[in-house]
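**Student:** Structure for this input, please:
(one chain, ligands or ions: 1)
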Amino acid sequence: MAAKSMDFAMGSHPLPSCFASKSSKVGAFTVRCSSVTHPTGGATIGERPWKVANTRLVLEDGSIWMAKSFGASGTQVGEVVFNTSLTGYQEILTDPSYAGQFVLMTNPHIGNTGVNFDDEESQQCFLAGLVIRSLSISTSNWRCTKPLGHYLAERNIMGIYDVDTRAITRRLRQDGSLIGVLSTEVTKTDEELLEMSRTWDIVGVDLISGVSCNAPYEWIDKTDSEWEFSCNRRGETFHVIAYDFGIKHNILRRLASYGCKITVVPSKWPASETLKMKPDGVIFSNGPGDPSAVPYAVETVKEIIGKVPVFGICMGHQLLGQALGGKTFKMKFGHHGGNHPVRNLRSGRVEISAQNHNYAVDPATLPKGVEVTHVNLNDGSCAGLAFPQLKLMSLQYHPEASPGPHDSDPAFVEFVRMMAQEKQQA
Ligand SMILES: NC(=O)CC[C@H](N)C(=O)O
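**Tutor:** Have a look, this model is predicted:
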């Protein structure tokens, strides 16, 4: 353990917001900056100056970040990722794919629109916690039903503010995603928290079974007419089975808007049962964690592909990649935001997309015949696959957006077209 840095942090109580630099995740520390907080504990005018830093975010690299707590209190471990979306914090908070992760918002001002029932992407918040720069002291939105802090407290989710989110983001970009521990508990020592962060891991863990539904259910809600921008007016209906690996509601709403009647099934729902229901198509949803840690889901996908048209989204795309014989790998810090350019290699069109993933399919491991249809223009990673003979398409990102731009919504139309063609040929 890095005694030098810890001595520094512990010997300076009340702890200044300090950060240490190091070239790898473990090893010697050098203190780069001793204090970045205001002497009052970071309070500035209008930000409740009586409230001083009462929370530590301890990263596995040994850095300790002092912050103020909102939402729940306690101690929580998770992987820290940064999200560059400018809006949509509530959709992000309710995206089950963030299970096990702290989401750090790079947009500095969060909470100004409060929360409302309509923007939920799932019934629960599964993320480890929220890290923000500045918590809005008031909410102003006609749809707001409660302030963000109350919402997080009710759902037992920890949040921190008044922390240098830019500095943490730069660290994550340089060193890669880091495990962190958030704690409001003064009885826990820095060493204990650091130890927690260094002994916990998210790689190799099945997180989808913890967020999936327990039993099948029907979904009927379309995108609300007030927000609708594209839908199926021809009256055709398609029965779609949606595997819930942590499915976002907007995937279901968009499918319903395009005329699908949807049955959502749990992550471990047998492929044989799905095929017995004779669906027109199957969706493999988004979901949290390491796609190589859920071989049972890959097996299910293998049994279904080739028999009905399928569409994989994010985790679903990664499962399809593996079912086709490919491998996934962990990216340095992943993609989380609403501003990622992706090129559709078939049309040449560039879509600005919503993304949330830490893993990707390695296209070099895919067998012949699998077509890479989309590429992320920021880093060249694989963003979409197709295998027309198997009636298969997948995207690494989020055509349902929520939050994010709607450029990729036509992917749902493509899936519906695939089902319509299959129906005609039958
Ligand atoms: N949104 C998702 O489905 C995320 C997929 C996977 N958990 C990843 O991080 O890559």
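
**Student:** For the rest of this, base every contact and every neighbour count on C-alpha atoms.
**Tutor:** OK.

**Student:** would you say Val282 is within a strand?
**Tutor:** Yes. Secondary structure of Val282 (DSSP: H, G, I helix; E, B strand; the rest coil): part of a strand.

**Student:** for the protein, where's the lowest mean pLDDT among helices and strands?
**Tutor:** The helix or strand of the chain with the poorest confidence is strand 30-33; it has a mean of 28 (mean pLDDT, DSSP states H and E).

**Student:** Next one: Glu236 from the ligand, what distance?
**Tutor:** In this view, Glu236 and the ligand are 29 Å apart by C-alpha to the nearest ligand atom, to the nearest Å.

**Student:** quick one: pLDDT of the nearest residue to that residue once chain neighbours are set aside?
**Tutor:** Computed as C-alpha to C-alpha, 6 or more residues apart in numbering, the closest residue to Glu236 that is not its neighbour in sequence is Gly259, at 6.1 Å. pLDDT for Gly259: 94.

**Student:** Can you identify the element that follows the least confident helix or strand of the chain toward the C-terminus?
**Tutor:** strand 55-59 (DSSP states H and E).

**Student:** of all the residues in the stretch 301-426 of the chain, which ones are close to the ligand?
**Tutor:** Proximity of the stretch 301-426 of the chain to the ligand (C-alpha under 6 Å from any ligand atom) is limited to residues 314-315, 356-359.

**Student:** Now do the strands in the stretch 201-350 of the chain.
**Tutor:** For the stretch 201-350 of the chain, applying DSSP state E, counting those that start in this stretch gives strands covering 217-219, 238-244, 260-266, 281-284, 310-313, 327-344, 350-362.

**Student:** Which one of those strands lies nearest to Thr113?
**Tutor:** With C-alpha to C-alpha as the measure, strand 327-344 is the member of these nearest Thr113 (18.1 Å).

**Student:** partners of the closest one in the sheet?
**Tutor:** Using DSSP bridges, strand 327-344 pairs in its sheet with strand 350-362 (antiparallel), strand 371-376 (antiparallel).

**Student:** List of residues touching the shortest one?
**Tutor:** So that's strand 371-376. Residues external to strand 371-376 that are found in contact with it (C-alpha atoms under 8 Å, 6 or more residues apart in numbering): 340-346, 363, 381-387, 395.

**Student:** How far off centre is that strand?
**Tutor:** In terms of C-alpha atoms, centre = their mean, to the nearest Å, the centre of strand 371-376 is set 21 Å apart from its chain centre.

**Student:** Can you report the mean pLDDT over the residues of whichever helix or strand comes after it?
**Tutor:** Using DSSP H and E, the next helix or strand after strand 371-376 towards the C-terminus is strand 382-387. Mean per-residue pLDDT for strand 382-387: 98.

**Student:** Reformat the strands of the stretch 201-350 of the chain as TSV; add mean neighbour count.
**Tutor:** Formatted as TSV, the strands of the stretch 201-350 of the chain follow (neighbours: other C-alpha atoms under 10 Å):
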stretch	mean neighbour count
strand 217-219	14
strand 238-244	25
strand 260-266	22
strand 281-284	27
strand 310-313	27
strand 327-344	20
strand 350-362	23
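
**Student:** Next, format those as CSV and append distance to Phe70.
**Tutor:** Output for the strands of the stretch 201-350 of the chain, formatted as CSV (distance: least, C-alpha to C-alpha, whole Å):
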stretch, distance to Phe70
strand 217-219, 34
strand 238-244, 31
strand 260-266, 33
strand 281-284, 35
strand 310-313, 33
strand 327-344, 23
strand 350-362, 24
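
**Student:** Is the residue of the stretch 1-150 of the chain found nearest the ligand part of a helix or strand, or is it coil?
**Tutor:** The nearest approach of the stretch 1-150 of the chain to the ligand comes at Ser97, 4.8 Å away (C-alpha to the nearest ligand atom). Taken by three-state DSSP, the conformation at Ser97 corresponds to helix.

**Student:** circling back to that earlier point, spit out the contact partners of the residue nearest to Glu236.
**Tutor:** Applying C-alpha under 8 Å, 6+ apart to Gly259 gives the contacts 231-232, 235-238.

**Student:** beta partners for Lys68?
**Tutor:** Beta bridges link Lys68 to Tyr161, judged by DSSP bridges.

**Student:** Excluding residues flanking it in the chain, which one is nearest Lys248?
**Tutor:** Going by C-alpha to C-alpha, 6+ apart, Lys248 has Glu121 as its nearest residue, at 5.0 Å.

**Student:** Quick one: residues contacting the nearest residue to Arg143 once chain neighbours are set aside.
**Tutor:** Leaving aside its sequence neighbours, Arg143 sits nearest to Asn116 (C-alpha to C-alpha, 6+ apart; 6.0 Å). Neighbour list for Asn116: 143-146 [criterion: C-alpha under 8 Å, 6+ apart].

**Student:** Alright, calling it a day.
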